[in-house]
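*Asks:* Please work out how this folds:
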Amino acid sequence: MKRVYPDKDYCIGCHICELACLTAHSQSKDLILAYTVERGQTGLSPCKHVHEGGPVCVALSCRHCDEPACVAACISGALQKDSESGRTIYDRDKCVGCWSCLMACPYGAIARHPLEAKIVKCDLCFDRPGGPACVAACPNKALKQEER
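*Replies:* Got it, this is the predicted structure:
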């Protein structure tokens, strides 16, 4: 299965990956509307977050682990490993907002939804032709989708 991997040596902390993710998951699919309107009204939040620590930046997102700790920690069954695609799938209707997955994730890739007692995590843009929006948008190719 292809996963998204960050390369901290090339990340410049521009946050374009976050904006691409926000737009790809918005209803309008328009950057300006997603950022100015949908983000405030619905709590639309990017699945990817750029972590900056001094001179080092790295974009963090779900690694869709082979044996995800978040799935094991999820008490409601909102997180499941799809054996066919290899993705770790999130069912927001089942999520009870206990944050167990957030604490269990070794990559810090799961975030709280800003307005609801839910989580936000990468879905690899499964319904987007051409793969993850963050990978396509990264100007320095600091994000790569590949098999490892």
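*Asks:* Walk me through the domains of this protein.
*Replies:* 1-61+124-148, 64-121 (automatic domain parsing).
*Asks:* what does the average pLDDT come to for the shortest one?
*Replies:* Throughout domain 64-121, pLDDT has a mean value of 95.
*Asks:* just stretch 5-15 next, same as before
*Replies:* Mean predicted lDDT for stretch 5-15 stands at 93.
*Asks:* Using CSV, write out every CA atom in that stretch.
*Replies:* Taking Å, rounded to 0.1, in the frame of the first residue of the first chain, the C-alpha atoms of stretch 5-15 are listed here in CSV:
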residue,chain,number,x,y,z
TYR,A,5,5.8,10.0,4.0
PRO,A,6,7.3,13.4,5.0
ASP,A,7,10.9,14.4,4.4
LYS,A,8,12.0,16.9,7.0
ASP,A,9,15.1,17.8,5.0
TYR,A,10,12.9,19.4,2.3
CYS,A,11,10.0,20.8,4.3
ILE,A,12,10.2,24.6,4.5
GLY,A,13,7.1,25.0,6.7
CYS,A,14,5.0,26.7,4.1
HIS,A,15,1.8,25.0,5.2
